[in-house]
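Q: Everything below, folded, please.
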Amino acid sequence: MTAAPVVDLRPFACPLTWVKTRIALERIAAGERIEIWLTEGEAVDSVPRSAAEEGHRVVSVERMAPDAGAFRVLLEKSAAAPGGLP
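A: Residues are numbered from 1 along each chain as shown. Below you'll find the predicted structure:
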């Protein structure tokens, strides 16, 4: 299995983190995974929640380092998720 592409969204705040995550998900095929990097705070709660609400699988949410203040969110695109590109 190849490594999931990484999207570093640490410089961005909500709701832009979800907008950029959704665009990234639209660019991959169903069943593929994408790794999202987020800063500690609202985005760590809202991005996984929004992805799950759209039918994607939240594989993991983990802190990048003990005192990094950043998280790694691994998402798997669902075949049933709405809004994919043709």
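Q: Apart from its chain neighbours, what residue comes closest to the most centrally placed residue in the chain?
A: For the chain, the residue sitting closest to the mean C-alpha position, by CA atoms, centre = their mean, is Ile36 at 4.4 Å. In space, and not counting its chain neighbours, Ile36 is closest to Val73: 4.4 Å by CB to CB, 6 or more residues apart in numbering. Using the backbone N, CA and C atoms, a C-beta is placed for each residue, glycine as well.
Q: Just to check, that neighbour is in contact with Leu38?
A: Yes: using CB atoms under 8 Å, Val73 is in contact with Leu38, at 6.1 Å.
Q: Which one of the two is surrounded by more residues?
A: Leu38 (26 against 23; other CB atoms under 10 Å).
Q: tell me what the helix or strand where that one lies is packed against?
A: Assigned by DSSP states H and E, Leu38 belongs to strand 33-39. Here strand 33-39 touches strand 6-8, helix 16-26, helix 42-53, strand 70-76, going by 3 or more CB pairs under 8 Å, 6 or more residues apart in numbering; DSSP states H and E.
Q: average pLDDT across that strand?
A: Model confidence over strand 33-39, given as mean pLDDT, is 97.
Q: Just checking: what are the partner strands of it?
A: Applying DSSP bridges, strand 33-39 is found paired with strand 6-8 (parallel), strand 70-76 (antiparallel).
Q: between it and helix 42-53, what angle do the directions make?
A: Computed by axes from the mean of the first three to the mean of the last three CA atoms, to 10 degrees, the angle separating strand 33-39 from helix 42-53 equals 150 degrees.
Q: List the contacts of strand 33-39.
A: Residues outside strand 33-39 that contact it (CB atoms under 8 Å, 6 or more residues apart in numbering): 3-10, 17, 21, 24-25, 28, 44, 47, 59, 64, 69-77.
Q: Just the buried subset of those residues, please.
A: Listed as buried from the contacts of strand 33-39 are 4, 7, 9-10, 17, 21, 24-25, 28, 44, 47, 70-77; burial here means 16 or more other CB atoms under 10 Å.
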